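give me coordinates for this.
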Amino acid sequence: MDYSGFVGPAYTVQSLSADCQRCVNLYPQTDESGAGKSRAILLSTPGLVRLADVSGTATGGVRGTYTASNDRFFAVVGAYLFELSSTWNILGTYALPGETGIGQVSLTDNGQDMMIATGPNAYWFNFTANTLTQVTDAVFFGATTCGFIDGYIVFNQPNTQIFWITNLYSTVINPLGFASAEGNPDNLLSLLVDHREIWLFGDVSTEVWYDSGGANFPFSFIQGAFISHGIAAPFSAARLDNTTFWLGNDEFGRGIVWRANGYAPIRVSTFALEQAIQRYPTITDAVAWTYQQDGHSFYVLNFPSGDATWVYDAASGLWHERGYLGTLTANDGQLHRGRPQTHSFAFGKHVVGDWQTGYLYSLDATIAEDDGRAIKFLRAAPFINNENKRIFFHQFQLAMEVGQGNPGGDGPPPAAPADPQISLRWSDDGGYTWSNYQTVSMGVSGAYTTRVIWRRLGQSRQRVFEVSTGQDAIPLKMFAAYLELEGVNS
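Numbering: from 1, shown residues only. I've put the predicted structure just below:
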């Protein structure tokens, strides 16, 4: 019989005995033709290939990456700004005076100058002179996030309701170039420019402004564009799939992920995800980054305090987990939050920055290694039960791409192993305890008819099966699972 729901999302609720599905470093993709072997497939998430390491110059993680309007690529690592070439060599290194080297940064440009907003400070980088200067205007009081719209650079002033604009195509901040988001008396935590509009995210509310061309101040509030949901984490707001996403907060609670439909928020998080979020020590430090690859648009939400990474696929509307096996220095056997925390599309590559080091990586869907560390792929499927009656499990068969072993034998990463292995285990008590792993081959090179089967799997009144990989670095494509079972009325 077909194991219904084997290809599916992550969905673990408060009671494991109700549903304990996991989908780690895998995401579902539907068969749009409707005529394939199965209606959907589980695909492995991309691996990481190191492009550059600037940790010898700057200590600390990558705080921001940015591809400028002139296609120049920049990264802020620790207390330094770097420019890198298309061959990932460092073209320039610029110290950011007064910086501690921690915390996310926001970058934007007007074609002539780039602003780097770090919270208490901000800096201008001039593209012509290749010079970096700190913003010291008498009316500058800090900037958390920034953006470009209609010739102006806009930024919010921390711990206030105020946002500022520069003069047109200028680095000059006009003493009268400010306004307040006053639909609600909460502080303005973040801003995002999308569709030539400024989304102003407060603690418990959001409002949208546009360029009305006013003589005294060019921007005005859009009537009807007031949202009674603010933002829980300033750097969770991101553009994706022709709209805006953010992690919400309001006067009634927090922890829902919203997607804008026009000016109406649409909930895209699930109860399972929201319950997981509530267990984290804090969510105010969450950071989002987005990218599009192979037709899928992903909203990646990192929770540093929760040591977790959750990803929403706008193409399917489903969530999955991503994780890094072990720590940066050792494999402790545990899954930790993903390494990337920033993203830019530069020189034809998806470039991501490591939250802990000065490493820059590219996302590569053809490998199953994170910078030399094997990626753990895991799918815990839905429960199998028959009104709590005893079921005998004779066979579990996994339909997947096989025969992808390395014909040259096991080699250094990211080479595939000669005979890649996959493991199965199960839980008969609602996901609280698990059996030992049983491991079988996914096929040596060219063995395209390999059957991935586990037999004589015992009996239970309820069962959850989990398949996973260990140290074998090979991308996975799983189509379906089939069960041979027998039930009795006891």
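
low pLDDT regions in this protein?
15, 17-18, 411-415, 488-490 (pLDDT under 70).

tell me the contacts of the residue nearest the centre of it?
Centroid check for the chain by C-alpha atoms, centre = their mean gives Val300 as the closest residue, at 1.6 Å. By C-beta atoms under 8 Å, 6 or more residues apart in numbering, the residues touching Val300 are Ala288, Trp289, Thr290, Tyr291, Thr309, Trp310, Val311, Arg322, Gly338, Pro340, His343. The way it works is simple: take the backbone N, C-alpha and C, and place the C-beta from them, glycine included.

next one: the fifth one relative to Val135, how far apart?
This points to Thr309. From Thr309 across to Val135, the span is 33 Å (C-beta to C-beta, to the nearest Å).

higher neighbour count, these two?
Between Thr309 and Val135, counted using other C-beta atoms under 10 Å, Thr309 has the larger neighbour count: 25 against 18.

list the buried ones in stretch 24-34?
Val24, Asn25, Leu26, Tyr27, Pro28, Gln29 (16 or more other C-beta atoms under 10 Å).

now for the residues you listed, which pair is the farthest apart?
The most widely separated members of these are Val24 and Gln29, with 16.1 Å between them, by C-beta to C-beta.

picking up where we left off before, secondary structure element for the residue nearest to the centre of the chain?
strand 296-303 (DSSP states H and E).

next one: Gln275
Using DSSP H and E, Gln275 falls in helix 271-278.

what's opposite Thr342 in the beta bridge?
Bridge pairing for Thr342 (DSSP bridges) gives the partners Gly353.

how close does it get to Gly34?
38 Å.

that older thread, quick check, nearest of the contacts of Val300 to Tyr432?
Nearest member of the contacts of Val300 to Tyr432, counting by C-beta to C-beta, is Trp310, at 22.7 Å.

tell me the SS of the closest one?
strand (DSSP: H, G, I helix; E, B strand; the rest coil).

list the contacts for it?
Ala10, Leu273, Ala276, Val300, Leu301, Phe303, Trp319, His320, Glu321, Arg322.

ok, now Phe303?
Ile277, Tyr280, Ile283, Asp285, Ala286, Thr309, Trp310, Arg337.

cutoff 7 Å now
Tyr280, Ile283, Ala286, Arg337 (C-beta atoms under 7 Å, 6 or more residues apart in numbering).

identify the bridge partners of it.
Ala308.

so how far is Gln334 from it?
16 Å.

quick one: the strands in the stretch 151-300 of the chain?
Ranges of strands in the stretch 151-300 of the chain, per DSSP state E, counting those that start in this stretch, are 152-156, 162-166, 173-180, 188-194, 197-202, 206-211, 219-227, 230-231, 238-240, 243-250, 253-261, 264-267, 287-293, 296-303.

quick one: which of those is nearest Val62?
Per C-beta to C-beta, nearest to Val62 of those: strand 287-293, 10.9 Å.

identify each buried residue in the closest one, please.
Val287, Ala288, Trp289, Thr290, Tyr291.

how about those in TSV, adding distance to Arg390?
Below are the buried residues of strand 287-293 laid out as TSV (distance: C-beta to C-beta, whole Å):
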residue	distance to Arg390
Val287	48
Ala288	46
Trp289	48
Thr290	47
Tyr291	47
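
and the residues you listed, which is closest to Gln395?
Nearest to Gln395 among those, with distances taken as C-beta to C-beta, is Tyr291, at 39.5 Å.

surely that closest one and His350 touch.
Yes. At 5.3 Å, Tyr291 and His350 qualify as touching, with contact defined as C-beta atoms under 7 Å.

so how far is Thr450 from Leu96?
Following C-beta to C-beta, the distance that separates Leu96 from Thr450 is 54 Å.

so the two - more neighbours on which side?
Leu96 (22 against 18).

ok, that one touching Tyr80?
Yes. If you go by C-beta under 7 Å, Leu96 and Tyr80 touch, sitting 6.4 Å apart.

I appreciate the help and will end here.
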